[in-house]
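Asker: Curious how this folds, go ahead:
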Amino acid sequence: MTRITDALPRWARVLALALHALPAAAAPAPEALWQLIGKLAAASTQGGQAVLGQWPGRSFSLTSAGDISSAPVVLGPNLQSAIAEVRLAEGDTVQLMVLELQGSCITPADIAARYAQVSNADFPQPNNPDPVSYRRVEIDGVRVSFGFRGALPGCLTHVVFNPQAH
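Answerer: Predicted coordinates:
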């Protein structure tokens, strides 16, 4: 037994050195984000009340034009999201919904790893000093666009849901 207990500190040092030598990997996007995107895509075809029913936070504001926004909610370690805007038409129909994200960096590669059919959806922005590039997917018949700020896409800044795109 003493041989084993004598060897433990040495193995602990070897393991610590091995782990220290490994490169740090980027943290994966939290599953809570992907689940929320799926729930909101499905709810957006059912109307504004359905969207509000799927939102994990309960603090909303309604503008005079019928637009809805929310306070941020935590989706994971160092990742928050807020409903920046939900544009409603008559009859509670969702025309457009925008989520803003802050915190952890979710990259275009994360989007491509999550969704099979990702396409680029950029458009000219000649007067924008900080242009946005988009990656687009279809989820439950809803066009979902992932926006990345900057000339070279880095981190996801917002998600746009367009259930009326068809």
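
Asker: pretty sure Trp55 contacts Ala82?
Answerer: No. Trp55 is not in contact with Ala82 according to C-beta atoms under 8 Å; the separation is 9.7 Å. Glycine gets a C-beta too; all of them are placed from N, C-alpha and C.

Asker: what number of residues lie near Gly154?
Answerer: Look at Gly154: counted by other C-beta atoms under 10 Å, it has 14 neighbours.

Asker: Can you work out which residues contact both of Trp55 and Ala82?
Answerer: Common neighbours of Trp55 and Ala82, using C-beta atoms under 8 Å, 6 or more residues apart in numbering, are 70, 73.

Asker: Who are the packing partners of the helix or strand hosting Gln80?
Answerer: Following DSSP states H and E, the helix or strand that holds Gln80 is strand 79-88. Applying 3 or more C-beta pairs under 8 Å, 6 or more residues apart in numbering; DSSP states H and E, we find strand 79-88 packed against helix 31-44, helix 48-54, strand 68-70, strand 73-76, strand 94-103.

Asker: Between those, which one is closest to Ser119.
Answerer: Ser119 sits nearest to helix 31-44 of all those, at 16.2 Å, using C-beta to C-beta.

Asker: Just give me the residue closest to the centre of the protein.
Answerer: Leu33 (5.2 Å; C-alpha atoms, centre = their mean).

Asker: how about the nearest residue to it, chain neighbours excluded?
Answerer: Distances taken as C-beta to C-beta, 6 or more residues apart in numbering put Leu75 closest to Leu33, at 5.0 Å, once the chain neighbours are dropped.

Asker: Hmm, the one you found is touching Ala32, no?
Answerer: Yes. With contact defined as C-beta under 8 Å, Leu75 counts as touching Ala32 (4.5 Å).
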